[in-house]
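K.L.:
turn this into a model:
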Amino acid sequence: MEGISMVTVWIVLLAVFLIAEILTVGALVSIWFCFGSGAALICALAGGGVGLQTGLFIGVSLILLLLTRPFIKRFIRPKESKTNADRIVGFRAIVLEEIDNLHGTGSIEVDGKIWTARSVMDNDILPAGSEVLVERIEGVKAMVRKYKL
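P.N.:
Predicted coordinates:
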């Protein structure tokens, strides 16, 4: 690499990895390579050979990656956003079509949307116009029970 010093190479790589890490906030994509580049930069400043610098870069990066990533992934998880279905659990709804599990009928309106519904109690028949509470979602059906004040 005539004309470009290894110090410059390691500074550029450190900057690239640091920018990549900043742009992917919370993802921990290149932090290990920042440390590897830093170790190689220190070695280059101390006059170490290119082979030693490269070895330090690879070694420090891999060791940190292997030792810390599994631990960090346990604590940094993407926040789960509730789906439309999850969001209505706990909501009150109005029965539009009588809910009868035996005949496989029933629909409700909740949060402005119409859902197929079944009772959590197989024997319950919930008449149209009654108020129910959404307990859970099973597939594409809202599982409801009679709402009591």
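
K.L.:
could you list the buried residues of stretch 36-51?
P.N.:
Neighbour-count burial for stretch 36-51 flags Gly36, Ser37, Gly38, Ala39, Ala40, Leu41, Cys43, Ala44, Gly48 (criterion: 16 or more other Cβ atoms under 10 Å). To be clear about C-beta, it is placed using only N, CA and C from the backbone, and glycine gets the same treatment.

K.L.:
which of the residues you listed fall in strands?
P.N.:
Within the buried residues of stretch 36-51, no residue falls in strands by DSSP state E.

K.L.:
now, which of those residues lie within helices?
P.N.:
Gly36, Ser37, Gly38, Ala39, Ala40, Leu41, Cys43, Ala44 (DSSP state H).

K.L.:
closest one to Gly104 out of those, please.
P.N.:
Gly36 (61.4 Å; Cβ to Cβ).

K.L.:
model confidence over the helix ranked longest in the chain, on average?
P.N.:
Identified as the longest helix of the chain according to DSSP H is helix 50-75. On average, the pLDDT along helix 50-75 is 89.

K.L.:
circling back to that earlier point, closest one of the buried residues of stretch 36-51 to Thr54?
P.N.:
Closest to Thr54, out of all of those and judged by Cβ to Cβ, is Ala40, at 7.0 Å.

K.L.:
on that earlier part again, which of the ones in helices among the buried residues of stretch 36-51 lies closest to Arg69?
P.N.:
Gly36 (13.6 Å).

K.L.:
that older thread, any chance of the ones in helices among the buried residues of stretch 36-51 in JSON lines, plus pLDDT?
P.N.:
Output for those, formatted as JSON lines (pLDDT from 0 to 100):
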{"residue": "Gly36", "pLDDT": "96"}
{"residue": "Ser37", "pLDDT": "97"}
{"residue": "Gly38", "pLDDT": "96"}
{"residue": "Ala39", "pLDDT": "96"}
{"residue": "Ala40", "pLDDT": "97"}
{"residue": "Leu41", "pLDDT": "96"}
{"residue": "Cys43", "pLDDT": "96"}
{"residue": "Ala44", "pLDDT": "96"}
